[in-house]
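Asks: I would like to see how this sequence folds:
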Amino acid sequence: MFSPARASARLVASPNPDDAPSASAQPLSWIIASPSRGRLHSSIVESPGAMPKTAGIILVGNEILSGKIADANAAYLCRELRALGVDVRRIAVIPDEIELIAREVAAFSRDHDVVFTSGGVGPTHDDVTIEGVARAMDVKVVRHPLLVSILERHFRDRLNDSHLKMAAMPEGAELVGGETVRFPTILMRNVYILPGVPEIFRQKFEAIRERFRDQPIHLSNVFVAIGEGTLADYLNGLLADFPLLLLGSYPEFSNPEYKVKVTLESRDRSYLEGALAEFLRRLPADALVRVT
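Replies: Residues are numbered from 1 along each chain as shown. Okay, the predicted model is just below:
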């Protein structure tokens, strides 16, 4: 339920020479469309006015699907986009296969305001994300002269054809976010092509994050000392009176301090404050641990 702002950026300095994850696995797509832990008691409903922005994330890499590498980029990006008011609607994890990348990118680009890919953009044989995105958009892969010049300055007499693979981009793509990072990000229509290495992924996203700022989501956390079975009636009653609230319930089985963390979220701060006050009023006095 959310989306990104537009801007353009100029380019600076040198690249990451070793941005090349991947191995070998089976053709498989893993889709996440719901929380992995806890329960959400209502779907988010946008506040009056413009529809919130939506995002999709595509993780490319056989190494993720084979369990060799644990992805860190999706969780980071979900948190960052959430803070900006962008609604991540779907995450896919797919192997290093051009046709499958093209299929997922085409679908995600059609269904979301903005798409992020992670991985498959280095100098090795299995880095095929650029080709996949180009095929999804039905354009050729071209070599950008500005990227070539950055690579030449960085590698000097060590520059080879494998390095030059990192100067490739889909025809018609833009280079953005080059002011504060070594290598700019390729933007093809609404698809941002990012590396798989977490440190570099984060640096690149930080350079473009303000493009995606939308109406923020306000959050309150309530920690309670009663179990979900008892708590359910309070949550259902609260939603009956505050139907636009996004309400989450997350049990904690090993924490001696509380049994459930309840999250209340809304784009309307006053609406959230009203719901929180009513929830606290209804809870038994000895049930409340703390509010953050």
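
Asks: tell me where the stretch 1-150 of the chain has strands.
Replies: 30-32, 39-40, 54-60, 87-94, 114-118, 141-143 (DSSP state E, counting those that start in this stretch).

Asks: can you list the strands that the last one pairs with?
Replies: Using DSSP bridges, strand 141-143 pairs in its sheet with strand 168-170 (antiparallel).

Asks: what's in contact with the strand it pairs with?
Replies: 130, 133-134, 137, 139-144, 147, 175, 186, 188, 193 (C-beta atoms under 8 Å, 6 or more residues apart in numbering). To be clear about C-beta, it is placed using only N, CA and C from the backbone, and glycine gets the same treatment.

Asks: past it, which element shows up next along the chain?
Replies: strand 174-176 (DSSP states H and E).

Asks: packing partners of that next one?
Replies: The contact analysis (3 or more C-beta pairs under 8 Å, 6 or more residues apart in numbering; DSSP states H and E) places strand 174-176 against strand 185-188.

Asks: what's the strand it packs on in contact with?
Replies: By C-beta under 8 Å, 6+ apart, strand 185-188 touches 121, 130, 133-134, 137, 169-170, 172-178, 192-194, 204, 207-208.

Asks: flag the shaky bits of the chain, pLDDT-wise.
Replies: Low-confidence segments of the chain (pLDDT under 70): 1-51.

Asks: what about 90?
Replies: 1-52, 154, 178-183, 213-216, 285 (pLDDT under 90).

Asks: middle-most residue in it, spatially?
Replies: Leu77 (3.5 Å; C-alpha atoms, centre = their mean).

Asks: got the domain boundaries for the protein?
Replies: 30-212, 218-291 (automatic domain parsing).

Asks: any idea which of these is most buried?
Replies: Of all those, domain 30-212 carries the top mean neighbour count, a mean of 19, counting by mean count of other C-beta atoms under 10 Å.

Asks: the helices in the stretch 1-150 of the chain, which residues?
Replies: 62-65, 73-84, 98-111, 129-136, 145-155 (DSSP state H, counting those that start in this stretch).

Asks: in CSV: those helices, plus distance to Leu235.
Replies: Output for these, formatted as CSV (distance: least, C-beta to C-beta, whole Å):
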stretch, distance to Leu235
helix 62-65, 35
helix 73-84, 21
helix 98-111, 30
helix 129-136, 41
helix 145-155, 52
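
Asks: among those, which is nearest Asp286?
Replies: helix 73-84 (32.2 Å; C-beta to C-beta).

Asks: remind me what the closest one packs against, helices and strands.
Replies: strand 54-60, strand 87-94, strand 114-118, helix 198-208.

Asks: give me the sheet partners of the second one and which way each runs.
Replies: Put plainly, it is strand 87-94. strand 30-32 (antiparallel), strand 54-60 (parallel).

Asks: that older thread, select, out of the helices of the stretch 1-150 of the chain, the one closest to Asn221.
Replies: Of all these, helix 73-84 sits nearest to Asn221, with 13.9 Å by C-beta to C-beta.

Asks: re the thing from before, and the helices of the stretch 1-150 of the chain: which comes nearest Tyr258?
Replies: Nearest of the helices of the stretch 1-150 of the chain (C-beta to C-beta): helix 73-84, 21.9 Å.

Asks: and the helices of the stretch 1-150 of the chain: which comes nearest Leu280?
Replies: Once the helices of the stretch 1-150 of the chain are compared by C-beta to C-beta, helix 73-84 is nearest, at 23.8 Å.
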